[in-house]
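S.K.: take a look and give me a structure for this.
(one chain, ligands or ions: 1)
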Amino acid sequence: MVQILSLALGASTLLLGALWWRERSLRLKAIAGTELLTQKREAMRRSLEHLAEGVVLLGLEGEVLYANPAAMHLLGTKDLPSTPGRLPLERYTHHRPLIDMVMKTPPANTMRRVFEIETEKDSQHLPMLEVTLAPAGAERRLMVLQELRAEEAVERKRKDFVANASHELKTPTAALVGLLGLIEVVPEEKRGDLLERAKHNAEGLSNMIDDLLALTRAESPEWIPDPQGLSLSAAVTEVTDALKERAEKKGLRLEVQLPAEPKDIYADAFAFRTVLHNLVLNAVVYTMEGQVLVEVKQLENGCTEIRVKDTGPGIDAEILPRIFERFFRGDVVHSRASGGTGLGLALVRHLLRRMGGRISVQSTPGVGTEFMVELPETPRQPLAGAN
Ligand code: ADP
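M.R.: Numbers count the residues shown, from 1 in each chain. Modelled structure (predicted):
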C-alpha cells in the first residue's frame with residue numbers, strides 16, 4: 001500500500017514538474033515574442049522619427065495615438081508628447097478645415113486635400129500641406145502630411161516630363177507604324193481589323209497631343225486665364241450633354257443637380273469646361289454600373305462647389321495620393337483602352353490653381369469616388385491652398 005502511494009506520489013510529482021516546465025517555456029517564448037514585437041515597434045518608431053513627411057496615427061474618434069517629429073513641426077505643435085495617449089487632434093492643430101476633414105471623413109474612406117496651415121509657431125510662414133488620410137486597419141487611421149515646396153517639385157517634374165512625354169508618344173506611334181506596315185502584307189479580310197486598331201492608336205496619339213498642349217498652355221506663365229461672366233447652368237449642361245451618349249451606351253445614368261436659381265459665375269470658360277469635362281469623363285469611363293451625379297452648389301460667400309460623384313470601383317488608398325501626377329495611370333489597361341492619357345487630373349489641378357480654386361477627392365474602394373471642385377467668387381481672391 002505504502003509502495004503504491006509513493007509510486008502515485010512520484011508520478012504526480014513528475015506530472016506537475018512536466019506541467020511547470022511546459023508553462024515556463026511557454027512564458028519564456030511569450031516574453032521573447034513580446035520583446036521582438038517591442039523591438040520591431042521601436043525600430044519602426046526610429047525610422048518614422050527621421051522621415052521628412054509628417055505621420056500621425058489616429059484612433060477612430062480623431063484622437064492622436066502617435067505623431068512623428070515632422071508632423072509636430074508641420075502642424076506647428078509645441079510641448080506635446082509624440083505618444084500622447086489619445087489626446088484630441090485639436091490639441092495638435094487649430095486648423096479647423098483639417099480637423100473637419102478628419103472628423104467628417106468616414107473611417108473607411110481615403111481623402112486627400114491641400115491646406116494652408118497657420119501654425120502657432122510662425123503665423124507669417126504658411127506651409128502648404130498636402131494631407132492624405134487613409135484607413136490603417138479596422139481601428140486606426142493614418143494621416144500623412146507633406147509640405148509642398150514649389151521650386152523643388154517643378155524642377156523634378158520638368159525632368160520627368162520630357163522622358164515621360166516621349167515614352168507616351170512613342171507607344172501609340174510605334175503601334176501605328178507597325179499596324180500600317182502590316183496592312184500591305186495581310187489578306188484583304190484582315191485589313192478592316194488592322195485599320196480599326198490603327199485608328200484607335202491614332203486617336204490615342206491625338207488625345208495625348210491635345211492634353212500635352214492643354215497642360216503646357218495651362219502651365220505657361222504667358223497664359224493668363226481670362227475670367228468672364230458664364231451662365232453656370234449652360235456651362236455645366238454643355239459638358240454633361242456632350243458626355244451623355246457615352247454614359248448611356250454603358251447603361252449609366254448621368255444626372256445633374258443645379259441650384260434652383262443659378263447665378264452666373266466669373267471664370268475662364270476654357271478652364272471651367274476642361275476641368276468639368278475631365279472629371280465627368282473619368283467618372284463615366286471608370287464606372288461600370290450605376291450613376292454619375294454632378295452636384296452644383298453656390299455658397300453664400302460667393303464660392304461655387306461642384307461635386308462629381310460616381311458609383312465606380314473607387315481608388316485604392318495607395319494610389320490616391322498619386323492620381324494628380326502627370327502621366328500617372330491607376331488602371332493602365334483601362335485608361336489606355338478608353339483613350340486616357342494619364343494627364344487629365346494633372347491638367348484639372350493645374351487649371352484650378354490658375355483659377356484660384358482647388359480640388360479634393362474622397363474615395364471608397366468598391367463604392368465610388370467623389371471629386372469636389374471649389375471655385376472662388378473671383379480668381380482675384382484665390383481660395384487657401386489654390387496656388
Ligand atoms: P487617365 O487618362 O488615366 O484617366 P487621369 O489623370 O484623368 O488619367 O486619372 C489618373 C488616374 O486616376 C486614372 O488612371 C485612374 O486610375 C484614376 N481615376 C481618375 N478618376 C477616377 C474615377 N472617377 N474612378 C476611379 N478611378 C479614377
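S.K.: for Glu203, which non-adjacent residue is closest in space?
M.R.: The shortest distance from Glu203 to any non-neighbouring residue, by C-beta to C-beta, 6 or more residues apart in numbering, is to Gly339 (5.8 Å). C-beta here means a position set from N, CA and C on the backbone, and glycine is covered the same way.
S.K.: can you tell me the SS state at that neighbour?
M.R.: Recorded secondary structure, Gly339: coil (DSSP: H, G, I helix; E, B strand; the rest coil).
S.K.: who touches the nearest residue to Leu299 once chain neighbours are set aside in this structure?
M.R.: In this structure, Leu299 finds its nearest non-sequential neighbour in Glu305, 6.4 Å apart by C-beta to C-beta, 6+ apart. Shown in contact with Glu305 (C-beta atoms under 8 Å, 6 or more residues apart in numbering): 296-299, 372-375.
S.K.: tell me the pLDDT at the residue most central in space within the chain?
M.R.: Centrality entry for the chain: nearest residue to the mean C-alpha point is Leu320, 2.7 Å, by C-alpha atoms, centre = their mean. Model confidence at Leu320, given as pLDDT, is 89.
S.K.: and it, what does it touch?
M.R.: 110, 112, 132, 134, 361, 363.
S.K.: that older thread, what pairs with the residue nearest to Leu299 across the strands?
M.R.: Lys297, Glu374 (DSSP bridges).
S.K.: in this protein, which spans are strands?
M.R.: Under the criterion DSSP state E, strands of the chain are mapped to 54-59, 63-67, 87-88, 110-116, 128-136, 140-147, 227-230, 253-257, 265-268, 291-298, 304-310, 358-364, 368-375.
S.K.: quick one: buried residues of the longest one?
M.R.: Read it as strand 128-136. Across strand 128-136, burial judged by 16 or more other C-beta atoms under 10 Å covers 128-135.
S.K.: what does the first one give?
M.R.: By 16+ other C-beta under 10 Å, the buried positions in strand 54-59 come out as 54-58.
S.K.: worst mean pLDDT among the strands of the chain?
M.R.: strand 110-116 (a mean of 81).
S.K.: that one close to the ligand?
M.R.: No - on the criterion C-beta under 6 Å from any ligand atom, strand 110-116 is out of touch with the ligand, staying 11.8 Å away.
S.K.: which residues outside that strand are in contact with it?
M.R.: Residues contacting strand 110-116 (C-beta under 8 Å, 6+ apart): 95, 97-98, 101, 105, 126-135, 148, 315-317, 320-321, 358, 360-364, 384-385.
S.K.: Arg197 contacts Leu179, correct?
M.R.: Yes - in terms of C-beta atoms under 8 Å, Arg197 counts as a neighbour of Leu179; the distance is 5.5 Å.
S.K.: which of those two has more neighbours?
M.R.: Leu179 (20 against 15; other C-beta atoms under 10 Å).
S.K.: ok, Glu130 - contacts?
M.R.: Applying C-beta under 8 Å, 6+ apart, the residues near Glu130 are 112-114, 145-148, 321.
S.K.: need those residues in a markdown table with neighbour count, can you?
M.R.: Shown next, in a markdown table, are the contacts of Glu130 (neighbours: other C-beta atoms under 10 Å):
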| residue | neighbour count |
| --- | --- |
| Arg112 | 23 |
| Arg113 | 20 |
| Val114 | 20 |
| Leu145 | 24 |
| Gln146 | 18 |
| Glu147 | 16 |
| Leu148 | 14 |
| Pro321 | 19 |
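S.K.: show me which of the residues you listed is closest to Thr274.
M.R.: Here the nearest of these to Thr274, counting by C-beta to C-beta, is Val114; it sits at 19.9 Å.
S.K.: tell me how far that closest one lies from the ligand.
M.R.: Between Val114 and the ligand the distance is 17 Å, computed by C-beta to the nearest ligand atom, to the nearest Å.
S.K.: residues in contact with the nearest residue in space to Leu87 that is not next to it in sequence?
M.R.: Once flanking residues are discounted, Leu87 sits nearest to Val64: 5.5 Å by C-beta to C-beta, 6+ apart. Contact analysis of Val64 by C-beta under 8 Å, 6+ apart lists 56-58, 84, 86-89, 91-92.
S.K.: surely Arg91 and Asp79 touch.
M.R.: No - using C-beta under 8 Å, Arg91 is not in contact with Asp79; the gap is 10.0 Å.
S.K.: quick one, which of the two is more surrounded?
M.R.: More crowded of Arg91 and Asp79, by other C-beta under 10 Å: Arg91, with 12 against 6.
S.K.: let's see the pLDDT reported for that one.
M.R.: 88.
S.K.: out of the contacts of Val64, which is nearest to Asp211?
M.R.: Val56 (35.6 Å).
S.K.: most widely separated two among the contacts of Val64?
M.R.: Among the contacts of Val64, Leu57 and Arg91 lie farthest apart (C-beta to C-beta), at 14.9 Å.
S.K.: how about the residues of the stretch 1-150 of the chain near the ligand?
M.R.: Residues of the stretch 1-150 of the chain lying near the ligand (C-beta under 6 Å from any ligand atom): none found.
S.K.: any low-confidence regions in the stretch 1-150 of the chain?
M.R.: 1-21, 24-26, 28-34, 36-37, 82-84, 117-127, 150 (pLDDT under 70).
S.K.: what about the helices in it?
M.R.: When secondary structure is read from DSSP state H, counting those that start in this stretch, the stretch 1-150 of the chain shows helices at 2-49, 69-75, 96-104, 150-183.
S.K.: same question, the stretch 201-350 of the chain
M.R.: 232-249, 269-286, 332-337, 344-354.
S.K.: and those, which one averages the lowest pLDDT?
M.R.: Ranked by mean pLDDT, these end with helix 332-337 at the bottom, a mean of 81.
S.K.: got a list of what Thr240 touches?
M.R.: Contacts of Thr240 (C-beta under 8 Å, 6+ apart): 254, 256, 280, 294.
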